[in-house]
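Student: Got a sequence here, can you build the structure:
(chains A and B)
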Number of protein chains: 2
Amino acid sequence: MADVLKGTLVVGQSGGITAAINSSLIGVVHEAMQHAEIDGIYGAVHGVEGILAERFIDLRRESRRTLQRLVSTPSACLGACRYKLSDADYRRILDVFKAHNVRYFVYIGGNDSADTSHKIAKLAQEVGYDLRVMGVPKTIDNDLPITDHCPGYGSAARFIAISTMDAGLDTEGMRLVDPIKIVETMGRNAGWLAAASALGKRDEVEAPHLIYMPERGLDVDRFLADVEGVYRRLGYAVIVVTETIRDPKGVPVGQIEDDLFTDSFGHKRLTGAGQFLCNLISRKLKVKARWDKPGTLQRASSAIVSRVDLEEAYMVGRDAVRHATAGTSDRIVVLVRENGPKYRCTTGLAPLEAIANTEKRLPDDYIAPAGNFVTDAFVQYARPLIGGPLRRHARLKRYFVASLLGSM
Amino acid sequence: MADVLKGTLVVGQSGGITAAINSSLIGVVHEAMQHAEIDGIYGAVHGVEGILAERFIDLRRESRRTLQRLVSTPSACLGACRYKLSDADYRRILDVFKAHNVRYFVYIGGNDSADTSHKIAKLAQEVGYDLRVMGVPKTIDNDLPITDHCPGYGSAARFIAISTMDAGLDTEGMRLVDPIKIVETMGRNAGWLAAASALGKRDEVEAPHLIYMPERGLDVDRFLADVEGVYRRLGYAVIVVTETIRDPKGVPVGQIEDDLFTDSFGHKRLTGAGQFLCNLISRKLKVKARWDKPGTLQRASSAIVSRVDLEEAYMVGRDAVRHATAGTSDRIVVLVRENGPKYRCTTGLAPLEAIANTEKRLPDDYIAPAGNFVTDAFVQYARPLIGGPLRRHARLKRYFVASLLGSM
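Tutor: Just a heads-up that it's a prediction; the model follows:
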């Protein structure tokens, strides 16, 4: 049993927002309220930038109802940041913490935030200031190591799965007008989000038909052959592409060397993968293509969220406080999938340093050998994360009436 | 009382799909089943293209459950088309109708489809073939005249309203990283969909902050000044733009003359309004901007639909059959808003010719004098169309803690 450490808790949100990052925050706040030794619960406005500027919100003064409603409200209600701290900044943070007797610091974020948190923990230890630092993982990109998956991913994955199902219906209905659809997803250097587009697919005909992920890249000639194959077979095609995908030479698609667009100043411009591939298809395959770029909607949708994701996000926030009050520091709470037929995750701990500055990409056995789709192993992994089952779209059985006139 | 006309009914779907066009179809089918004189209910696959090719589906053989579920399934389950008929095609259509004893033709579509339907009705009359032709309006663009609004618009408007609320939360949370967000909507030459982004806004701070619609166009210098003003006031800005917007010279934004991007063959390329404006903001205002382009998701979302829209879409389909069996032809069913404190629409009739090839743009009193937002009159008009109230996002009250150290 650790000594009881009396003081204020500071919680912050960092990096790209998600639909579940507020749920983690409320998990922290609710749990902190249960501990008498935590005598202040402060929210740092815009993460470490708010700490540096002493911009703290007293979260105990917020109504129970507001806190409860924030569990299912997307985005970072405290404001997020992406700020690299200098050595002086780290010292300033400790000064601020000392001034407010902050003894607990919970930072919700990705691998950069884990790095920041680890360095704060290390500095506190060096100067002999008793501070418990805990990380809470979040990212829609799902690219953190050790944790089974990242809070935030399940909701974004559900959005992409449903949007791709809808894009499939749309494109099938419009096959005589715009038969090719590109859906451009986020995902930085990992294909987890693009891969999630497969989670609503039940058969060969349904969308998506092709998925291109950063792990395998996109070769333009192979891509065109793949698209043409699907189009010939079905009369339409839905293709999902990570927005940051590169060709085999490492050039971002949308800035292919021999096809550069330059402005009047000679600046190169990325048109983005979706637009580039649409133009390419129109020019080379002579069929019309459209693209959807849900952009930040995929991480901030209030209408499409994963209940499982919100619950797990809450749980990792809550457990961060439980561990901190029990004496743990310099650790991040991770999700651990239990063995067994029914999906269930509990939490575990990992060193903050082990999460910092590392990326987890899709493993080989989650990517189809041809490099343009996912495997069943991925679907088994990801399906529980997106919450309840997806509603299957109704479709006509199509009993055709016999022709009476013959062809024109 | 018209003579009872015994024969087959053909129904087709045309133009861009919507979330409600299947609801209109099922309204037609359910009502047709109530009329003994209608002895066949055929769905034309891909509209007039299916009629030309005698591609008919026997809709009476579909299960009740499938038909019921299609009411809330987006896209055109019969397949849509965009095909301009030749004189020979019109004659072929009558030949096909005669061969199958088709006496009722209901065509669900926009102004082009109304034109097609009108010409079929006229030709049938000229050759003395007893055919009742009825139009059913649909378009997310809401640009048809006479009808109070178009089935399909309410659902797309709800999608845009919620997506803009979510984009607002996202951008506010990320204001220190990417403070400017562009949301690019559909809408052809009318601003109805972009305008709908305002329907979730409750105060000056909430998104959207600026809306640019084709009716007023977008002057780049005024735009930059507008954006800078909002950014200085709030620290972030959410801007909604119709994807087809033009500058005062009539040049599509994204293809501004002095800023052209050309490929190695000298081809001009439209980058699209969203990307162009993001680049512009980054270059001129020196702040980062992102853009979302929900694209076809806004017309095909299964997760966000307007119940009012689905009900009205069903009603116009149903009433088309009621009018046709009562002897009406060459007319389109329109929505008529009743006077009174509570929103309610009934249906009326208009000549197909009056809808054909006409566009209804936003009236002046729905556009703010500055040309960069909508008025309360628009909000009053549009709010009932998107169905139930929008969930208001939770936000912290933000009780700030007093600073102890002063500024850095």
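
Student: how many neighbours does the closest residue to A:D115 other than its chain neighbours have?
Tutor: Excluding its sequence neighbours, the residue lying closest to A:D115 (Cβ to Cβ, 6 or more residues apart in numbering or on different chains) is A:A356, at 3.6 Å. Bear in mind the C-beta positions are built from the backbone N, C-alpha and C, glycine included. By the measure other Cβ atoms under 10 Å in any protein chain shown, the count of residues near A:A356 is 21.

Student: Next: the one 5 residues further on.
Tutor: Here the number of neighbours of A:R361 (other Cβ under 10 Å) works out to 18.

Student: what do you get for A:Y314?
Tutor: 22.

Student: Looks like it contacts A:V28 (just checking).
Tutor: No. Taking contacts as Cβ atoms under 8 Å, A:Y314 lies outside contact range of A:V28: 9.1 Å.

Student: that older thread, which residues does the residue nearest to A:D115 contact?
Tutor: A:N111, A:D112, A:A114, A:D115, A:H118 (Cβ atoms under 8 Å, 6 or more residues apart in numbering or on different chains).

Student: where does the first one land on pLDDT?
Tutor: In this case it means A:N111. We have a pLDDT of 92 for A:N111.

Student: I figured it was touching A:I355, is that so?
Tutor: Yes. With contacts defined as Cβ under 8 Å, A:N111 counts as touching A:I355 at a distance of 5.7 Å.

Student: For those two, indicate the residue with more neighbours.
Tutor: A:I355 (27 against 24).

Student: The more buried one - nearest residue in space that isn't next to it in sequence?
Tutor: For A:I355, the spatially nearest residue (Cβ to Cβ, 6+ apart) is A:A114, at 4.0 Å.

Student: Do I have it right that the one you found meets A:G135?
Tutor: Yes. Using Cβ under 8 Å, A:A114 is in contact with A:G135, at 5.0 Å.

Student: higher neighbour count, the two?
Tutor: Neighbours per residue (other Cβ under 10 Å) separate A:A114 from A:G135, with A:G135 holding more: 34 against 26.

Student: what about the more buried one, helix or strand, and which?
Tutor: A:G135 is part of strand A:132-137, with elements assigned from DSSP states H and E.

Student: which helices and strands does that strand pack with?
Tutor: Using 3 or more Cβ pairs under 8 Å, 6 or more residues apart in numbering or on different chains; DSSP states H and E, the elements in contact with strand A:132-137 are strand A:102-109, helix A:111-127, helix A:307-325, strand A:331-337, helix A:352-355.

Student: deepest of these, which one?
Tutor: Comparing the helices and strands packed on strand A:132-137 by mean neighbour count (mean count of other Cβ atoms under 10 Å in any protein chain shown), strand A:102-109 ranks first with a mean of 28.

Student: Report the inter-axis angle for that strand versus helix A:307-325.
Tutor: Between strand A:102-109 and helix A:307-325, the angle comes out at 150 degrees (axes from the mean of the first three to the mean of the last three Cα atoms, to 10 degrees).

Student: How far off centre is strand A:102-109?
Tutor: Its chain's C-alpha centre and that of strand A:102-109 lie 21 Å apart, by Cα atoms, centre = their mean, to the nearest Å.

Student: what does stretch A:211-228 give?
Tutor: Centroid displacement of stretch A:211-228 relative to its chain, using Cα atoms, centre = their mean, is 23 Å.

Student: hang on, the earlier thing: what pLDDT, on average, does the helix or strand following the strand holding A:G135 get?
Tutor: Heading C-terminal from strand A:132-137, the first helix or strand you meet, by DSSP H and E, is helix A:153-173. Helix A:153-173 shows a mean pLDDT of 98.

Student: Whether helix A:153-173 contacts chain B - can you check?
Tutor: Yes. For helix A:153-173, a contact with chain B is found by Cβ under 8 Å from any Cβ of the partner chain, at A:I162, A:S163, A:M165, A:D166, A:A167, A:L169, A:D170, A:T171, A:E172, A:G173.

Student: which residues sit against the helix or strand following that helix?
Tutor: Going down the chain from helix A:153-173, the next helix or strand is strand A:180-185, by DSSP H and E. Strand A:180-185 is contacted from outside by A:160, A:163-164, A:167, A:170-171, A:193-194, A:197, A:207-208, A:227, A:231, A:236-243, A:272-274, A:277-278, A:281, A:285, A:287-294, A:298, B:296, using Cβ under 8 Å, 6+ apart.

Student: tilt between strand A:180-185 and helix A:153-173?
Tutor: 170 degrees.
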